[in-house]
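J.: I'll drop the sequence and a predicted model, then ask my questions.
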Amino acid sequence: MPHNISLITTFAAALGFGLLFGMLALKLRLPALVGYLAAGVLIGPATPGFVADAAIAAQLAEIGVMLLMFGVGLHFSIKDLVEVKRVALPGAVLQIAVATVMGVGLAHWWGWSLGAGLVFGLALSVASTVVLLRALEDRGILDSLNGRIAVGWLVVEDLVTVLVLVLLPAVAGSLGGAGAETNRPLWQTLAITFGQVGAFVALMLLVGRKLFPWLLWHVAKTGSREMFTLCVIAAAVGIAYGSSEIFGVSFALGAFFAGMVLRESELSHRAAEESLPLRDAFSVLFFVSVGMLFDPMVILESPLQLLAVVAVIIFGKSLAAFALVLMLRYPLNTALTVSASLAQIGEFSFILAAMGMQLKLLPAEGQSLILAGAIISIAVNPLLFKAVEPLQKWIRSKSELARCMERAEDPLAELPMSTDHAKLSGQVVLVGYGRVGRRIAHALTNQGVHFVVAEHNRELVEELRKQGIPAVAGDAGEPAVLIEAHIARASMLVVATPDTFRVRAMIETARALNPAIKTVLRTHSENEAELLRGEHAGKVFVGEHELANSMTQYVLRNLSEAEAKPH
């Protein structure tokens, strides 16, 4: 044809091969993302045969990054981050520091420069939010406390990495790379950079949180699905582009904040649903384009270096995170879940590696090692999640120290001495103080029923104690937590958390100490509900069924009232 069709060719090849290899990965019980990366390797310059246009693929990948980070922003709000800030903020920062030091150490051992080591270490320190979200959704624990902590941890990692992406060009020259040519001193460059980012964030939080949800609402009132989808995508890409052009910040940061401000809208769930097909399509293009940069020869030429990289990703930073979560006095199950969540790297690692190459800081071998480490760690990650429960059982059965570790000298693990003992007999033990737990607690308070809350979230426990409500921090699946809640003298155990991971252990402990206790459970899964009913676990409520029953009763009641009225 007389005109250039490189864009169409690259687009078609990336999606076509992405589909084939993604299906193959799923057949092998691997994440589809591994297949997308493999498709990129196939159509990249490192393998024979068809080679896609790398420049066009890179631009398509930029759109993919925007939409990926927009989706991350839609799934997380400032309120959610504040709820887990005491574990996610210090934990993520310290874990990044530990993993970066490991990466710098490896780079120094291999004779790389300090700048190369910093980029390399940072790329190994940050996990993929996209991979994590899919893993948590597949296991139904995205809305649990462990899920919120893991996502909050990775959002802090993303924010730190975005800050690094903003600062790296400014300091690249000092690290031996090709930084921006400027006569300004480093401190002045950094001050300007921080000022630009601060101005953008302030504008989005003060103006964007009101403006864009308002705009989305007015577009929705038109009744046009097409216009609604267009508004969502235009906001995501437009804010990302505008943030880059006006404030000099990255597309990733702009798109992330676009998602965060649109989440403030009551229509955020619809926005996420309408934009999902386009986000998925361009995320495929992003991962395919990343695969095009990978040189498979690194596996044969540097096997020991690759093993070291994989060890840092899967074991090094995960063990660091495990220790940090336990030091912050969160349960063993939370520590294991966060560790499994971090045992992979993804999109931000690729972006950091690409910037390191562009600034002439990272050698080509470093980028290939990062990509190989990502492919291997993402492929192995589902196996690590599956190992959480058996590993937890093994640790607790073999090591008395491990069972005591998470509760040693923890004031929140025990009820205050000032607790009125009259309230610890015939009380309700309420496990979980989320949206459902709060409503139950409010109703019990109004009826004058005494209760004790058992909750993972230490911040919530502190808040409840300030309000005079007896509460104990920890995993209610652990006998010590329910014992501290005086389950032996309780009249009822109410499990209000959607995380049914440890519900059988709770029931077993409660009935062993109090055979006459009544149990009330919550679950989202009909299969899980049937299993629990078969085990005589007490009254089991399934969220969808209760909603359907309430709506049906309302409809029938209104119909009967309408028929009873004289005509």
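T.: Everything's here; your move.
J.: and Ile376, how many neighbours?
T.: 20 (other Cβ atoms under 10 Å). Quick note: C-beta positions are derived from backbone N, CA and C, even for glycine.
J.: right, and it touches Ala311 too?
T.: No. In this structure Ile376 lies outside contact range of Ala311 using Cβ atoms under 8 Å: 10.7 Å.
J.: Can you tell me the element Trp483 falls in?
T.: I think there's a mix-up here, since residue 483 is Ile and not Trp. Secondary-structure assignment from DSSP states H and E places Ile483 in helix 479-484.
J.: Touching that helix from outside, list them.
T.: For helix 479-484, the external contacting residues (Cβ atoms under 8 Å, 6 or more residues apart in numbering) are 407, 413-415, 429, 454, 472, 474-476, 493, 506, 509-510, 513.
J.: roughly how far apart are Leu106 and Gly117?
T.: With the distance defined as Cβ to Cβ, to the nearest Å, Leu106 ends up 8 Å from Gly117.
J.: can you check Phe11 too?
T.: Between Phe11 and Gly117 the computed distance is 37 Å (Cβ to Cβ).
J.: More neighbours: the two, which one.
T.: Relative neighbour count places Gly117 above the other of Phe11 and Gly117, with 24 against 18, counting by other Cβ under 10 Å.
J.: part of a strand, is that one?
T.: No. Using DSSP: H, G, I helix; E, B strand; the rest coil, the assignment for Gly117 is helix, not a strand.
J.: Any regions of the stretch 151-300 of the chain where pLDDT drops low?
T.: In the prediction, the stretch 151-300 of the chain carries residues with pLDDT under 70 at positions 178-186.
J.: Which residue ranges of this structure form strands?
T.: 428-431, 451-455, 471-473, 492-495, 518-523, 539-542 (DSSP state E).
J.: Now render those as CSV, adding mean neighbour count and mean pLDDT.
T.: Listed next are the strands of the chain as CSV, based on neighbours: other Cβ atoms under 10 Å; pLDDT from 0 to 100:
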stretch, mean neighbour count, mean pLDDT
strand 428-431, 26, 92
strand 451-455, 25, 91
strand 471-473, 26, 89
strand 492-495, 25, 92
strand 518-523, 20, 87
strand 539-542, 17, 83
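J.: before we move on, back to that, go through the contacts of helix 479-484 and name the one nearest Leu165.
T.: Each of these was scored against Leu165 by Cβ to Cβ, and Asp475 proved nearest at 36.8 Å.
J.: how far away is the closest one from Ala335?
T.: For Asp475, the distance to Ala335 equals 10 Å [Cβ to Cβ].
J.: okay, how far is it across stretch 216-234, tip to tip?
T.: In stretch 216-234, first residue to last residue: 11 Å (Cα to Cα, to the nearest Å).
J.: buried sites along it?
T.: Neighbour-count burial for stretch 216-234 flags 216, 219-220, 228-229, 231-233 (criterion: 16 or more other Cβ atoms under 10 Å).
J.: Would you mind listing the outside residues contacting that stretch?
T.: Applying Cβ under 8 Å, 6+ apart, the contact partners of stretch 216-234 are 67, 215, 235, 262, 265-267, 270-271, 274-275, 278.
J.: Grab the nearest non-local neighbour of Ser113.
T.: Gly176 (5.1 Å; Cβ to Cβ, 6 or more residues apart in numbering).
J.: How much space separates the one you found from Gly105?
T.: Going from Gly176 to Gly105 by Cβ to Cβ gives 18 Å.
J.: swap in Pro45?
T.: 32 Å.
J.: So between these two, which is more surrounded?
T.: Using other Cβ under 10 Å as the criterion, Pro45 and Gly105 rank with Gly105 on top: 14 against 11.
J.: ok so, going back, residues shared between the contacts of Ile376 and Ala311?
T.: Shared contacts of Ile376 and Ala311, counting by Cβ under 8 Å, 6+ apart, come down to nothing at all.
J.: Count the residues that sit near Ile345.
T.: Other residues near Ile345 come to 31 when the count uses other Cβ under 10 Å.
J.: ok, now His545?
T.: In terms of burial, His545 registers 12 neighbours under the definition other Cβ under 10 Å.
J.: now do Gly543
T.: Counted with other Cβ under 10 Å, residues neighbouring Gly543 total 14.
J.: same check, this time on the one 10 residues further on
T.: Gln553 has 10 neighbours, counted by other Cβ under 10 Å.
J.: got it, and Leu531?
T.: With neighbours defined by other Cβ under 10 Å, the count for Leu531 comes to 15.
J.: Kindly report the same for Phe282.
T.: As a burial measure, the neighbour count of Phe282 was computed by other Cβ under 10 Å and equals 18.
J.: Now do it against Arg225, distance only.
T.: Taken as Cβ to Cβ, the spacing of Phe282 relative to Arg225 amounts to 20 Å.
J.: try Thr100
T.: As defined by Cβ to Cβ, Thr100 lies at a distance of 45 Å from Arg225.
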